[in-house]
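Peer 1: Below are the sequence and a predicted model for it; my questions follow.
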Amino acid sequence: MSGQTVTGLGLQFTDDNKLCYAYSGTKDSSGSATNYLDFTTNSEYIDAKIQPVYFAQGTNNVSWLIKFNGVSISYAEVTSGRDYTPFQELLLIIPPFTHVEVEVDNLSGGTEAVGVVLVGKVGMPPRVGN
């Protein structure tokens, strides 16, 4: 980590590997589900906070669906960029070797500038044996 701000689908780690983050950046939501984050953990687990972000001042209903290995784990829906901000964080433990997807969908069928932020503490499962 060299002080750069990184956005995209992937998960990033601090130099000491104790913290991680994923920032989708701002994207225009559409009337179909689109991955805003998409990554797979390795042998670490993550104590994560996931924050829906609504950059616009619109009133479209936008949803954030979180999946682990293709299974729906959590869901949030926001009905306006003007109310309820900041939105409630979604607190999740992401297990090792887990494919994580955050799908965003504009349920109103319009377009709004939205995103997702994930920050977490990285942990390693205890070693068995030896």
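Peer 2: Noted; the coordinates are in hand.
Peer 1: CA atoms for contacts and neighbours, from now on please.
Peer 2: Noted.
Peer 1: can you give me the strands in this protein?
Peer 2: Ranges of strands in the chain, per DSSP state E, are 12-13, 19-23, 27-28, 34-40, 45-54, 62-68, 71-78, 90-94, 99-106, 113-123.
Peer 1: Looking at those, spot the one closest to Val6.
Peer 2: strand 19-23 (7.0 Å; Cα to Cα).
Peer 1: and that closest one, what does it pack onto?
Peer 2: When contacts are defined as 3 or more Cα pairs under 8 Å, 6 or more residues apart in numbering; DSSP states H and E, strand 19-23 packs onto strand 12-13, strand 113-123.
Peer 1: partner strands of the helix or strand of the chain with the lowest mean pLDDT, parallel or antiparallel?
Peer 2: The least trusted helix or strand in the chain, going by mean pLDDT, DSSP states H and E, turns out to be strand 27-28, with a mean of 90. Paired strands of strand 27-28, with direction, are strand 113-123 (antiparallel) (DSSP bridges).
Peer 1: And the contacts of the partner strand?
Peer 2: If you take Cα atoms under 8 Å, 6 or more residues apart in numbering as the criterion, strand 113-123 is touched by 17-29, 36-37, 44-56.
Peer 1: Buried by neighbour count, from those: which ones?
Peer 2: 19-27, 29, 36-37, 44-56 (16 or more other Cα atoms under 10 Å).
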